[in-house]
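Chemist: Sequence below, structure please.
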Amino acid sequence: MKEKIIAAYEQMAVKYDELIDHKPHNAYYDRPNTLQLLPEVNGKTVLDAACGPGKYAEILLAKGANVIGFDISNKMVELAKKRNQGKGEFFVHDVAEQLTRIADASCDVVLCALALHYVEDWTSTMKEFHRVLRTDGVLVISIEHPFYEYEFFKSKKYFEVEPVSCTWKGFGSAIEVNSFRRSLSECITPLTSNGFFIDQLVEPKPTEEFKKLDPKHYKELQAFPAFMCIRAIKRV
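Modeler: So this is what the prediction gives:
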């Protein structure tokens with residue numbers, strides 16, 4: 001599964017980077033709703049977990065944050081470095097693995113946008129996020145909404161964490177993307193069982209800019225969410 005995920009993102013990386021500034025689901029649905037959950041980042045250290053081509057990092061750096069980003073895709077890390085022109089620190093790493101390069105209690109914020117559905121078991125990931133955060137540190141994640149995924153993948157096993165796949169056609173040639181679908185409880189319990197309390201949960205709506213570019217999906221997202229955004233606080 002991991003090799004398939006890496007291969008997909010290596011294949012789409014360049015096109016993904018070209019589109020990320022204005023692709024509706026990213027620019028006018030995920031990002032505005034996820035960013036609103038972040039605290040003031042000026043002068044703070046932010047870990048951008050699964051940073052992709054570095055768009056979130058670009059925004060955070062412009063706000064005065066010290067950004068450390070990583071991604072499982074070599075090409076995505078290269079693009080993140082190029083986009084941010086020597087600012088920030090970026091390296092190749094799997095969000096499912098231990099963050100040996102990051103010291104205990106060294107980050108003020110951990111951001112993980114639209115990446116956790118590529119991890120089968122969130123337990124060790126949440127433990128690592130908790131470890132690297134300072135006291136009262138903030139974790140902000142965006143994920144695919146569990147109810148949306150249950151319907152989209154026509155699942156018959158709601159309570160199981162199950163492998164799924166779909167074909168993405170918005171990044172050049174058709175690309176098979178593998179991930180894991182899970183229940184709502186499997187999105188919440190790994191946080192609350194590993195040192196976090198949930199401060200805010202957002203079922204987002206698209207912005208008006210989304211409507212101009214993709215009225216069909218704008219209407220659908222106004223009626224039912226595809227993503228879910230969560231802010232959690234580190235418990236001492």
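Chemist: mind checking how far M12 is from S73?
Modeler: Separation of M12 from S73 (Cβ to Cβ, to the nearest Å) stands at 9 Å. C-betas here are computed from N, CA, C, even on glycine.
Chemist: Between these two, point out the one with more neighbours.
Modeler: A direct count of neighbours by other Cβ atoms under 10 Å for M12 and S73 places S73 higher, at 24 against 21.
Chemist: doesn't A7 make contact with that one?
Modeler: No: between S73 and A7 there is no contact under Cβ atoms under 8 Å: 9.3 Å.
Chemist: which residues in the chain form strands?
Modeler: 45-49, 66-71, 89-92, 107-113, 133-144, 162-168, 175-181, 196-202, 227-234 (DSSP state E).
Chemist: can you put those strands in JSON lines and add distance to Y218 and mean pLDDT?
Modeler: Shown next, in JSON lines, are those (distance: least, Cβ to Cβ, whole Å; pLDDT from 0 to 100):
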{"stretch": "strand 45-49", "distance to Y218": "27", "mean pLDDT": "98"}
{"stretch": "strand 66-71", "distance to Y218": "29", "mean pLDDT": "98"}
{"stretch": "strand 89-92", "distance to Y218": "33", "mean pLDDT": "98"}
{"stretch": "strand 107-113", "distance to Y218": "20", "mean pLDDT": "98"}
{"stretch": "strand 133-144", "distance to Y218": "18", "mean pLDDT": "97"}
{"stretch": "strand 162-168", "distance to Y218": "19", "mean pLDDT": "96"}
{"stretch": "strand 175-181", "distance to Y218": "23", "mean pLDDT": "97"}
{"stretch": "strand 196-202", "distance to Y218": "17", "mean pLDDT": "98"}
{"stretch": "strand 227-234", "distance to Y218": "14", "mean pLDDT": "98"}
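Chemist: Make JSON lines out of those and add distance to L213 and mean neighbour count.
Modeler: Below are the strands of the chain laid out as JSON lines (distance: least, Cβ to Cβ, whole Å; neighbours: other Cβ atoms under 10 Å):
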{"stretch": "strand 45-49", "distance to L213": "25", "mean neighbour count": "25"}
{"stretch": "strand 66-71", "distance to L213": "26", "mean neighbour count": "24"}
{"stretch": "strand 89-92", "distance to L213": "29", "mean neighbour count": "16"}
{"stretch": "strand 107-113", "distance to L213": "20", "mean neighbour count": "24"}
{"stretch": "strand 133-144", "distance to L213": "19", "mean neighbour count": "20"}
{"stretch": "strand 162-168", "distance to L213": "17", "mean neighbour count": "13"}
{"stretch": "strand 175-181", "distance to L213": "21", "mean neighbour count": "18"}
{"stretch": "strand 196-202", "distance to L213": "22", "mean neighbour count": "14"}
{"stretch": "strand 227-234", "distance to L213": "17", "mean neighbour count": "22"}
